[in-house]
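Visitor: Got a sequence here, can you build the structure:
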Amino acid sequence: MPNREIAGPEGSIPVFVAEPLGQGPWPAVVVVHDALGMTEDLRAQAQWLAEAGFLAAAPDLYHRGGRMRCLVRAMRDMARGTQGPVFDDIETVRRWLAQHTESTGKVGIIGFCFGGGFALLLAAGHGYDASAVNYGGMTEQAWKSLAHACPIVASYGADDPTLRGMARRLEDSLREHGIAHDVKQYPGVGHGFMNQHPAGDGNLLFTLLGKLSNTRYDAAATADARRRIIRFLNLHLRGLPPGAN
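Guide: Now for the predicted structure:
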């Protein structure tokens, strides 16, 4: 369950906030959920970021209605650009983190699947210092905006038929535009490999889509992706070079 309500332009936004142990200030990260919404997996994602020393806030982007209804609306807004209620919610949480008394003011964004698409789309011109993209798709506007993107760390599964060739195309584009990046494709891994959902989290439609995209949790790939993400966020949100404590 969310543990906080943040005031937004159209009412309060339910948010799960995970704080590191000890005393701040800390760099912060907006955590954007996958298509299943506010789940135990989402809270776990925020928690491991907090354990790594980041103030993490994961908004429930489906709080305006049912899961499918909100998902369709969000995808429609994403296709149109970067405006709409979901974008407003994400921006509200970003500002809240940037102004938090225990925040350094440096804010990154991380997303999974559906959320990974938002992390890509918002990487340019939206106040983020780094973006962590996990098997996120691209809109045409996102491709066009990459020339001005913040540093991006991205992870994809080679056995994900829905995003075939995405990792290579993204890396080529980021390299062409001179954007700091770390893009990796994991062999033998499908979609959603960092999300560990128990049976029953999704309905029959989500189960079918999961099978079509080879969605399955992979512990080894997850461990490596998390290591790369933390190293990247440490560099771009803390200024710590790779290997520094």
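Visitor: Let me see the ranges of the strands in the protein.
Guide: With strands called from DSSP state E, the chain shows them at 4-8, 11-18, 26-32, 55-59, 103-112, 130-134, 152-157, 181-186.
Visitor: where among those strands is the average confidence lowest?
Guide: Mean pLDDT is lowest for strand 4-8 out of the strands of the chain, coming in at a mean of 89.
Visitor: thinking in terms of the whole chain, how far from its middle is that strand?
Guide: Distance of strand 4-8 from its chain centroid, counting by Cα atoms, centre = their mean, to the nearest Å, is 19 Å.
Visitor: With mean neighbour count and distance to L97 added, can I get the strands of the chain in JSON lines?
Guide: Placement of C-beta: from N, CA and C, glycine included. Below are the strands of the chain laid out as JSON lines (neighbours: other Cβ atoms under 10 Å; distance: least, Cβ to Cβ, whole Å):
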{"stretch": "strand 4-8", "mean neighbour count": "14", "distance to L97": "10"}
{"stretch": "strand 11-18", "mean neighbour count": "19", "distance to L97": "9"}
{"stretch": "strand 26-32", "mean neighbour count": "28", "distance to L97": "4"}
{"stretch": "strand 55-59", "mean neighbour count": "27", "distance to L97": "6"}
{"stretch": "strand 103-112", "mean neighbour count": "24", "distance to L97": "5"}
{"stretch": "strand 130-134", "mean neighbour count": "29", "distance to L97": "13"}
{"stretch": "strand 152-157", "mean neighbour count": "27", "distance to L97": "19"}
{"stretch": "strand 181-186", "mean neighbour count": "19", "distance to L97": "23"}
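Visitor: okay if I get the ones you listed as CSV plus distance to P242?
Guide: Output for the strands of the chain, formatted as CSV (distance: least, Cβ to Cβ, whole Å):
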stretch, distance to P242
strand 4-8, 33
strand 11-18, 24
strand 26-32, 16
strand 55-59, 22
strand 103-112, 16
strand 130-134, 14
strand 152-157, 12
strand 181-186, 10
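Visitor: Mind checking those for the one nearest to N234?
Guide: The closest of these to N234 is strand 26-32. By Cβ to Cβ, the value is 8.6 Å.
Visitor: now that closest one against strand 55-59, angle please.
Guide: 20 degrees (axes from the mean of the first three to the mean of the last three Cα atoms, to 10 degrees).
Visitor: ok, L235 touching P241?
Guide: Yes: L235 is within contact range of P241, at 6.6 Å (criterion: Cβ atoms under 8 Å).
Visitor: Looking at the two, which is more packed in?
Guide: Between L235 and P241, counted using other Cβ atoms under 10 Å, the more crowded position is L235 (18 against 9).
Visitor: any idea how far G115 is from V86?
Guide: In this structure, V86 and G115 are 10 Å apart, going by Cβ to Cβ, to the nearest Å.
Visitor: List the buried residues of stretch 159-176.
Guide: Within stretch 159-176, the residues that count as buried by 16 or more other Cβ atoms under 10 Å are D159, D160, T162, L163, M166, A167, L170, E171, S173, L174.
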